[in-house]
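J.: need coordinates for the below:
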Amino acid sequence: MAIKKKHTVGIFSRDGQDNFTWLIKLLRDKFQKEVQNVHPVYISNDYRTFDNALSQCTFAILYHTKKRGRLNVTDVTDSLYDKDLKDLSNYLDSKNVVVLLDDLEDSSDDNKRRILLEQHTIGTCARTLILISETEKESSNLDGSDPKMSQSPTSPQLQDDYNSICGKIHDLMGVMSESLKRNPDARDYDETPSVSSYGTPTRDAQHYDETSTVSAHGIQPRDQESMRSSSVYNSEQHRLIQPSNPDTAIDMKTSDKRQKESKREPTNEGRTGNIFNLSNKALLWSLGGIICILLIILIIVLCLTV
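T.: The predicted model follows:
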């Protein structure tokens, strides 16, 4: 089987998994070329769990349902996902993040533009915003307890809604396909897709990136860690090429100068040897002179006695 790059998709939400079971099944059934694993991740105050789940993903969908009563994602009173969305964007890059708002009454482009204007962080930290209405899910059999995308609208009266949700699904596929082309972190797989249990993403032992590093909700990209490692290595390498003893690092100009001076000037040892030789010669000359004087005196004494 040919090995292809596929995404590990995390669906991050403060809503229960029952609200987006349709999305999990849709990704598994219709996105087999783009998606390998799907990890539902419940966002709580346990940031360590959030960070650990994020470190295993290459693509993220931030999910929120209107069943909560409000679309308070970011930049509004009591917004739920300000920090979470920024963390997803910082770690994965905004091009690998999508915000999906579900169970709306109005999923039109006009409403989408209004939400992006009021909650501008969505447009900054996500590749796109997708709005899904209850009617659109009904038209494609994505509602109910056993959601499965239908090949045609469930009712002729829902044809427009069916066409709308098909277009949004196609757009999401395009975003993921584009991301795979430029995403070096997307993993190679030769296995069939799988879906993890809710809130407990399963590590892929064969392809899990052990170099991923995530701080406690202060997420740092992996490339920053690699940059720090490279800096440490270069620093260590720089230290290795330095002399172990600073005194041995002799300046070449000083060395040449000393060599020239050594040719012109005798060393202390040479000077001592020369003095020693001169002293020996003087002593010999003195002894010789004394012997000559004694011989002359001896000759004079002998002459006088005769």
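
J.: so how far is D160 from the nearest residue to S164 once chain neighbours are set aside?
T.: What sits nearest to S164 in space, not counting adjacent residues and going by C-beta to C-beta, 6 or more residues apart in numbering, is E136, at 5.7 Å. For every residue, glycine as well, the C-beta is placed using N, CA and C. Separation of E136 from D160 (C-beta to C-beta, to the nearest Å) stands at 9 Å.

J.: looking at these two, which is more packed in?
T.: Between E136 and D160, counted using other C-beta atoms under 10 Å, E136 has the larger neighbour count: 25 against 11.

J.: now do the same contact list for that one.
T.: Neighbouring residues of E136 by C-beta atoms under 8 Å, 6 or more residues apart in numbering: 107, 142, 161-162, 164-165, 168.

J.: for the record, mean pLDDT for the host helix or strand of it?
T.: Applying DSSP states H and E as the criterion places E136 in helix 134-139. Here helix 134-139 scores 96 as its mean pLDDT.

J.: next SSE after that helix?
T.: Assigned by DSSP H and E, the successor of helix 134-139 is helix 159-182.

J.: and that following helix, what's its mean pLDDT?
T.: 94.

J.: the lengthiest strand in the chain pairs with which strands, and in what direction?
T.: Longest among the strand segments of the chain by residue count, using DSSP state E, is strand 4-13. Sheet pairing here is set by DSSP bridges, and for strand 4-13 it gives strand 35-42 (parallel), strand 59-65 (parallel), strand 187-189 (antiparallel).

J.: report the inter-axis angle for that strand versus helix 159-182.
T.: Orientation note: strand 4-13 sits at an angle of 120 degrees relative to helix 159-182 (axes from the mean of the first three to the mean of the last three C-alpha atoms, to 10 degrees).

J.: name the residues of strand 4-13 that are buried.
T.: 5-13 (16 or more other C-beta atoms under 10 Å).

J.: between those, which is nearest I296?
T.: Taking C-beta to C-beta as the measure, I296 lies nearest K5 of these, at 118.0 Å.

J.: what's the span of stretch 8-28, first residue to last?
T.: 11 Å (C-alpha to C-alpha, to the nearest Å).

J.: now that stretch: mean pLDDT?
T.: 96.

J.: show residues contacting stretch 138-158.
T.: 21-22, 25-26, 29-30, 134-137, 159, 161-162, 165-166, 169.

J.: pull the most distant pair out of these.
T.: T21 and Q159 (25.0 Å).

J.: hey, C-alpha coordinates of stretch 90-98 in CSV?
T.: C-alpha atoms of stretch 90-98 as CSV (Å, rounded to 0.1, in the frame of the first residue of the first chain):
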residue,chain,number,x,y,z
ASN,A,90,0.5,29.5,17.6
TYR,A,91,1.2,25.8,17.7
LEU,A,92,-0.2,24.6,14.4
ASP,A,93,-0.3,27.8,12.4
SER,A,94,-3.5,29.5,11.5
LYS,A,95,-3.6,27.8,8.1
ASN,A,96,-4.1,24.5,9.9
VAL,A,97,-7.0,25.7,12.1
VAL,A,98,-10.7,25.9,11.2
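
J.: how about the strands paired with strand 4-13 in CSV, adding distance to K181 and mean pLDDT?
T.: Shown next, in CSV, are the strands paired with strand 4-13 (distance: least, C-beta to C-beta, whole Å; pLDDT from 0 to 100):
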stretch, distance to K181, mean pLDDT
strand 35-42, 15, 95
strand 59-65, 13, 97
strand 187-189, 14, 58
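
J.: and of those strands, who's closest to L101?
T.: strand 59-65 (5.5 Å).

J.: in that closest one, which residues are buried?
T.: Buried, per 16+ other C-beta under 10 Å, within strand 59-65: 59-65.

J.: how about R14, what does it touch?
T.: R14 neighbours (C-beta under 8 Å, 6+ apart): 42-44, 64, 80-81.

J.: next, format those residues as JSON lines and append distance to L295.
T.: Formatted as JSON lines, these follow (distance: C-beta to C-beta, whole Å):
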{"residue": "Y42", "distance to L295": "126"}
{"residue": "I43", "distance to L295": "124"}
{"residue": "S44", "distance to L295": "124"}
{"residue": "H64", "distance to L295": "131"}
{"residue": "L80", "distance to L295": "128"}
{"residue": "Y81", "distance to L295": "125"}
